[in-house]
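[1] Output the structure for:
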Amino acid sequence: MLLKLAAVCAVLLCIAAVVAVTAGSDDPHNPPRAVPLQREVPDDPPAAPARPVPGAPAQQPIRVGIATTYQVNVDAGGANIPGDAANEPSLAIDPTNPDRMAIGWRQFDTIASNFRQAGWAYTEDGGQTWTFPGVIEPDSFRSDPVLDFDAEGNFYYSSLKVIGGVFSCQVFKSSDGGQTWGPAVEAFGGDKQWIEIDRTGGTLAAIEQGRIQRQIQDAAYDTQRAIDRGDQIIVGMNRFEESLVVGAELARSQSENTVDLIRPVKYIGDQVQLPVTQQGDFFGFP
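    The predicted structure is shown next:
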């Protein structure tokens, strides 16, 4: 009984809270508070960074079942740096050499300040050891790291930058497995931006590889199956009696094996029929 009474009271309290909020939102003296959409703001200045401990032993990997984890934000000897912090990691793997990887994160040089920068590290032995050079742009407030790679093994680091409340995004490119990064290239985006690298070689390569044709064929097949099942209805196609046939000169691509099946263009009602050869050659007006 007490549990039921408590539940009823909780529901009533929730209803009262909702009514109070609704009423408050209509009160001109108590307008609703705007929910901030962009929270990436430098509200702390940079502070003295944490320093490595001389002679500290290298951080050992942690094994849990079949998984093995390695720390990436380490000093030159592979040891942990007490007092710094990192989060929001993003990883890129070289498709031409999977042993080469780069990882980016939000770097906090000290836990005494939430001022964050574009940190990164790289590996050339499949992640067993990592080199942590520091940050891409020292003393610049950066966040939202996103890494990706292209088919040639180049890495790209997208980063959000905030100066005076103005949000901008830049992309850095690395052609040496993440060891160094080129100059910033301005990019579109804002808070929580993202990037995606085309690894197919562009539209022309996609056509040559048959990717686009397959997509069109699959879409046509799925549409026809839907029509056959009655799940989809074609609207706007009507039958007309042939009222006029007009001949037209056509330009044909020359082919030694092409069978000459050129016919005049037919105007059937408000539709036009444009014939092609059995070999798939296309025709058009000269």
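
[2] Any stretches of the chain with poor pLDDT?
    The chain contains residues with pLDDT under 70 at 1-38, 234-286.

[3] Roughly how far does residue 145 sit from residue 158?
    Distance of residue 145 to residue 158, computed by CB to CB, to the nearest Å: 7 Å. To be clear about C-beta, it is placed using only N, CA and C from the backbone, and glycine gets the same treatment.

[4] meant to ask about residue 82, not that
    If you measure residue 82 against residue 158 using CB to CB, the figure is 30 Å.

[5] and what of residue 183?
    As it turns out, when the distance is counted by CB to CB, residue 183 lies 14 Å from residue 158.

[6] Look at those two and report which has more neighbours.
    A direct count of neighbours by other CB atoms under 10 Å for residue 183 and residue 158 places residue 158 higher, at 23 against 7.

[7] For the host helix or strand of that one, which strands pair with it and how are they oriented?
    When secondary structure is defined by DSSP states H and E, residue 158 falls within strand 155-163. Next to strand 155-163 in the sheet, as set by DSSP bridges, lie strand 142-149 (antiparallel), strand 166-174 (antiparallel).

[8] Between those, which one is closest to residue 112.
    For residue 112, the closest of the strands paired with strand 155-163 is strand 142-149, at 18.2 Å, according to CB to CB.

[9] So which residues make contact with the closest one?
    When contacts are taken as CB atoms under 8 Å, 6 or more residues apart in numbering, the neighbours of strand 142-149 outside the stretch itself are 40, 88-95, 102-106, 116-120, 135-136, 155-162, 191-197, 199.

[10] same deal with stretch 162-177?
    Outside of stretch 162-177, the residues that reach it under the criterion CB under 8 Å, 6+ apart are 38, 40-42, 94, 97, 100-102, 122, 124, 136, 141-143, 153-161, 180-191, 193, 195.

[11] Looking at these, which are in strands?
    If you go by DSSP state E, the contacts of stretch 162-177 have 101-102, 122, 142-143, 155-161, 185-187 in strands.

[12] if we take those residues, which one ends up nearest to residue 66?
    Closest to residue 66 out of those is residue 101 (19.4 Å), distances taken as CB to CB.

[13] partner residues bridging the closest one?
    Beta-bridge pairing of residue 101 under DSSP bridges involves residue 93, residue 123.

[14] ok, it - contacts?
    When contacts are counted by CB under 8 Å, 6+ apart, residue 101 touches 91-94, 122-123, 126-127, 177-178.

[15] Of those, which is the nearest to residue 64?
    Using CB to CB, residue 127 is the member of the contacts of residue 101 that sits closest to residue 64, with 15.7 Å.

[16] Please settle this for me: is the closest one part of a helix?
    No: using DSSP: H, G, I helix; E, B strand; the rest coil, the secondary structure at residue 127 is coil, not a helix.

[17] Look up how far residue 100 lies from it.
    Residue 127 sits at a distance of 10 Å from residue 100 (criterion: CB to CB).

[18] Residue 56 now?
    Using CB to CB, residue 56 is found at 27 Å from residue 100.

[19] ok, those two, which is more surrounded?
    Neighbours around residue 56 and residue 100, counted as other CB under 10 Å, are more numerous at residue 100. The numbers are 23 against 15.
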